[in-house]
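K.L.:
Prediction below, plus the sequence it came from.
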Amino acid sequence: MTENKIRKFYIETYGCQMNFSDSEIVASILTDGGFQASGNLQEADIVLLNTCSIREHAEDRVRKRLHYFRSLKKKNPGLTIGLLGCMAERTKFALMEEEQLLDVIAGPDSYRHLPGLLEQAGSGQRAIDTILSADETYADINPVRLDSNGISSFISIMRGCENFCSYCVVPYARGQERSRDPETVIRESRDLFIQGYREVTLLGQNVNSYFWKEGNETVNFPGLLERIAVLDPQLRVRFATSHPKDLSLEVIEIIEKYPNICKAIHLPVQSGSDKILDKMNRKYTREEYLGKIRTIRSKIPGCAISTDIITGFCDETEEDHKQTLELMKEAAFDFAFTFKYSERPQTIAAEQYEDNVPAPVKERRLREIIELQQELSSASNHRDLGETFEVLIEGESKRSDKQYFGRNSQNKVMVFPKTSLKPGEYVKVKVKRVTSATLIGEAI
Ligand code: 5AD
Ligand code: SF4
């Protein structure tokens, strides 16, 4: 490293919102450590990839990207390349050896050590830290907002996961579950609001098991939600992800009580078959899941419900698949993220079950699930025709500079002709037309 020259870093993020939030923590740690953030890969001295391991596909994308970085490094041998996140944690030295390209490897709980690791790499020694922690929450770090629209932001409220769903690599890649001090979450939310932000999304693998204890005081998830909701009625609060086994009546009632807690719940079901749910170690039955949906629909009319579905898990039969399709109809999901099962190393499923649904069958089942969801999403959008929603304006529509876009409480994107209001302000919009993904309306 040359003396006195401030080294510039560029971060590329893969995977979930949690990773985007982590990249903002990394940017903050590095800025405090004397490095400078850059949005331009070409001028960067350090390139960091914050990676995801959840599906094989996610890892494949990163491996492809590493090939490109190899060519960059050939041209610029001084370039430092670092791998962060779940893939760093999962593969440790293996990827460093395999790729012969990486200078730094840092797992999700090692980001405070990044300045030191980068120093070490700068002096020609490859550096690795993938030690997981039982208590790191980065609670005191004030994230640098990357790619921000200045209106909505993510806040991590907990890390790790201990549910050990049999297909999932997250408990191995992100370690033990731990919650963050609520005071720091409240402070971060308040600061964002003062800066002009109008929406925060509270993030965790399973936010419903958020729990903080200090002395005699305890704070659970509904308690935290409420404390953020009361900061200001103009601040919208969202959250993700909820595990169905932990979504309590208390949470549903808090969502119902505060207009600024968004009426949108992401509740991954994964499968509609009890046999598969059991094999996945999800700890709820199809009936219990549908019971939660009924409670949400009766307590919070108009609440959007979205889900995640995995198709083609080990031993999934045609009958199991049909039950998933049936459940989707019964739940009438507004939106779904759908995936083909991919075996992940270390997981219970990889060690104990056979990945025995043939690829073409997985693909066909996935197609059927996607087609059905398109119908359900379209029906959901058609139900909104003629309705009026409060929309938080996020900016100009990508398609036209005469239109604004924003979201309603249900998290649906709405597009409408510009008014005198500005991004960051709320406006009531009446739905005139719908497409498969968007509600098109007019401000009233
Ligand atoms: N294969 C396919 N999908 C997976 N997910 C998690 N692990 C796997 C896997 N091994 C999906 C789940 C989860 C979402 C984030 O990713 O649906 O809810
Ligand atoms: Fe993975 Fe299950 Fe934890 Fe979600 S709850 S991160 S699917 S182990």
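P.N.:
That came through fine. Ligands and ions are numbered 1, 2, ... in the order given.
K.L.:
what residues does the chain put near ligand 1?
P.N.:
Residues of the chain lying near ligand 1 by CB under 6 Å from any ligand atom: 54-55, 167-168, 268, 270, 308, 310, 339, 341-342, 344. For glycine as for every other residue, the C-beta is placed from the backbone atoms N, C-alpha and C.
K.L.:
Would you mind pulling the contact partners of stretch 246-266?
P.N.:
In this structure, residues lying in contact with stretch 246-266 by CB atoms under 8 Å, 6 or more residues apart in numbering are 206, 208-209, 220-222, 225-226, 229-230, 232-238, 240-242, 267, 292, 295-296, 299-300, 302-308, 409-411.
K.L.:
Tell me if that stretch is near ligand 2.
P.N.:
No. Where contact is defined by CB under 6 Å from any ligand atom, no part of stretch 246-266 touches ligand 2; the two come within 9.4 Å at best.
K.L.:
any idea which element residue 222 lies in?
P.N.:
For residue 222, the host element (DSSP states H and E) is helix 221-229.
K.L.:
Alpha carbons of that helix, as PDB, please.
P.N.:
The C-alpha trace of helix 221-229 is given here as PDB (Å, rounded to 0.1, in the frame of the first residue of the first chain):
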ATOM      1  CA  PHE A 221     -40.900  -8.300  18.500                       C
ATOM      2  CA  PRO A 222     -44.400  -6.700  18.800                       C
ATOM      3  CA  GLY A 223     -42.900  -4.500  21.600                       C
ATOM      4  CA  LEU A 224     -40.100  -3.300  19.300                       C
ATOM      5  CA  LEU A 225     -42.500  -2.700  16.400                       C
ATOM      6  CA  GLU A 226     -44.700  -0.600  18.600                       C
ATOM      7  CA  ARG A 227     -41.800   1.500  19.800                       C
ATOM      8  CA  ILE A 228     -40.800   2.300  16.300                       C
ATOM      9  CA  ALA A 229     -44.300   2.900  15.100                       C
END
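K.L.:
mind listing what's buried in it?
P.N.:
Residues 221-226, 228-229 are the ones in helix 221-229 that count as buried (16 or more other CB atoms under 10 Å).
K.L.:
List just the nearest of those residues to residue 132.
P.N.:
residue 221 (23.3 Å; CB to CB).
K.L.:
Please list all residues in contact with that closest one.
P.N.:
By CB under 8 Å, 6+ apart, the residues touching residue 221 are 207-211, 239, 251.
K.L.:
ok, back up a step: how about the buried residues of helix 221-229, which pair is most distant?
P.N.:
Largest separation among these by CB to CB: 221 and 229, giving 12.2 Å.
K.L.:
Which strand residues bridge the nearest residue to residue 238 once chain neighbours are set aside?
P.N.:
Once its chain neighbours are removed from consideration, residue 238 has its nearest residue in residue 201; the separation is 4.2 Å (CB to CB, 6 or more residues apart in numbering). For residue 201, the beta-bridge partners under DSSP bridges are residue 154, residue 238.
K.L.:
give the contact list for residue 201.
P.N.:
Under the criterion of CB under 8 Å, 6+ apart, the contact partners of residue 201 comprise 17, 152-155, 237-240.
K.L.:
Which one of the residues you listed sits in the busiest neighbourhood?
P.N.:
residue 239 (26 neighbours; other CB atoms under 10 Å).
K.L.:
which residues of the stretch 251-400 of the chain fall in strands?
P.N.:
Under the criterion DSSP state E, counting those that start in this stretch, strands of the stretch 251-400 of the chain are mapped to 264-266, 304-311, 335-340, 388-396.
K.L.:
Dump those strands to TSV, plus mean pLDDT and mean neighbour count.
P.N.:
Supplementary listing: the strands of the stretch 251-400 of the chain in TSV, determined by pLDDT from 0 to 100; neighbours: other CB atoms under 10 Å:
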stretch	mean pLDDT	mean neighbour count
strand 264-266	98	22
strand 304-311	98	22
strand 335-340	97	18
strand 388-396	97	19
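K.L.:
how about those strands in TSV, adding distance to residue 402?
P.N.:
TSV is the format used below for these (distance: least, CB to CB, whole Å):
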stretch	distance to residue 402
strand 264-266	28
strand 304-311	28
strand 335-340	28
strand 388-396	9
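K.L.:
And stretch 15-27, what's buried?
P.N.:
The neighbour-count criterion (16+ other CB under 10 Å) identifies 15-16, 18-27 as the buried residues of stretch 15-27.
K.L.:
that older thread, which one of the buried residues of helix 221-229 sits closest to ligand 2?
P.N.:
Each of the buried residues of helix 221-229 was scored against ligand 2 by CB to the nearest ligand atom, and residue 221 proved nearest at 14.4 Å.
K.L.:
which residues touch residue 209?
P.N.:
Counting by CB under 8 Å, 6+ apart, residue 209 touches 158, 177, 221, 243, 246.
K.L.:
ok, back up a step: show me the subset of the buried residues of stretch 15-27 that also lies near ligand 2.
P.N.:
Those of these which are also neighbours of ligand 2 - as judged by CB under 6 Å from any ligand atom - do not exist.
K.L.:
How many residues are close by residue 294?
P.N.:
Residue crowding around residue 294 was assessed by other CB under 10 Å; the count is 12.
K.L.:
Next one: it from ligand 1, what distance?
P.N.:
Going from residue 294 to ligand 1 by CB to the nearest ligand atom, to the nearest Å gives 22 Å.
K.L.:
Residue 87 now?
P.N.:
As judged by CB to the nearest ligand atom, residue 87 and ligand 1 stand 14 Å apart.
K.L.:
So what does that residue have for phi and psi?
P.N.:
Its backbone dihedrals place residue 87 at phi -70, psi -30, with angles given as degrees, to the nearest 10.
K.L.:
Okay, and the beta partners of the nearest residue to it once chain neighbours are set aside?
P.N.:
Taking CB to CB, 6+ apart as the measure, residue 87 lies nearest to residue 51, with 3.6 Å between them; neighbours along the chain are not counted. Partner residues in beta bridges with residue 51, using DSSP bridges, are residue 85.
K.L.:
Going along the chain from the helix or strand of the chain with the lowest mean pLDDT, find the next helix or strand for me.
P.N.:
For the chain, scoring each helix and strand by mean pLDDT, DSSP states H and E identifies helix 93-99 as the least confident one, at a mean of 81. With elements assigned by DSSP H and E, the helix or strand that comes after helix 93-99 is strand 104-106.
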